[in-house]
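K.L.:
Have a look; sequence and predicted model below, questions after that.
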Amino acid sequence: MEPIVVSALALIRDRRLLMVTARGRDVLYLPGGKLEPGESPAEALVRESREEVAVELDPSTVVELFTVRTQAHGEPDGREVHMTLFSADPTTASPEPLASAEVGALHWVTSVDADRCPPAGVATLDGLVRLGLID
């Protein structure tokens, strides 16, 4: 089975990570999404950040942090997600993320919230703790 390849944003403030929930759901996930045909992972990150949380990113500041490869949430056993996590600077000095039509709510989380995450989210929180970026 082909993996689901996605780019995701690690927007961190005060040692908390921005995660979102879809409308009517309680599962936390990172702002981001699948690459469109011909799109680079960094381009997908910039587009998805704008679409999902209204944060404009400076493309010249995009930095790859790590890639999580794990079972995809809600997919048949054996279907993996390959999620590359990036950091980037917003183009405004103090951006305030906003929920889009795709997003029900915004959440600033720490590793304590891992029980609300699918496998890729748990691995992401663990990785960010190891890097010393979140609590």
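P.N.:
Received it, and whenever you're ready, just let me know what you need.
K.L.:
Okay, strands next: where are they in this protein?
P.N.:
4-9, 12-13, 16-21, 28-29, 32-34, 63-71, 80-87, 105-109 (DSSP state E).
K.L.:
which stretches of this protein have low pLDDT?
P.N.:
93-94 (pLDDT under 70).
K.L.:
picking up where we left off before, quick one: closest of the strands of the chain to residue 40.
P.N.:
Closest approach to residue 40 among these is made by strand 4-9 (8.8 Å; C-beta to C-beta). (C-beta placed from N, C-alpha, C; glycine too.)
K.L.:
Report the buried residues of the closest one.
P.N.:
Buried residues in strand 4-9, defined by neighbour count with 16 or more other C-beta atoms under 10 Å: 4, 6-9.
K.L.:
I'd say residue 62 and residue 45 touch.
P.N.:
Yes: because the distance of 6.2 Å satisfies C-beta atoms under 8 Å, residue 62 is recorded as touching residue 45.
K.L.:
ok, now which ones touch the residue lying farthest from the centre of the chain?
P.N.:
For the chain, the residue at maximal distance from the C-alpha centroid (C-alpha atoms, centre = their mean) is residue 1, at 22.8 Å. Each residue near residue 1 by C-beta atoms under 8 Å, 6 or more residues apart in numbering is listed here: 76, 78-80.
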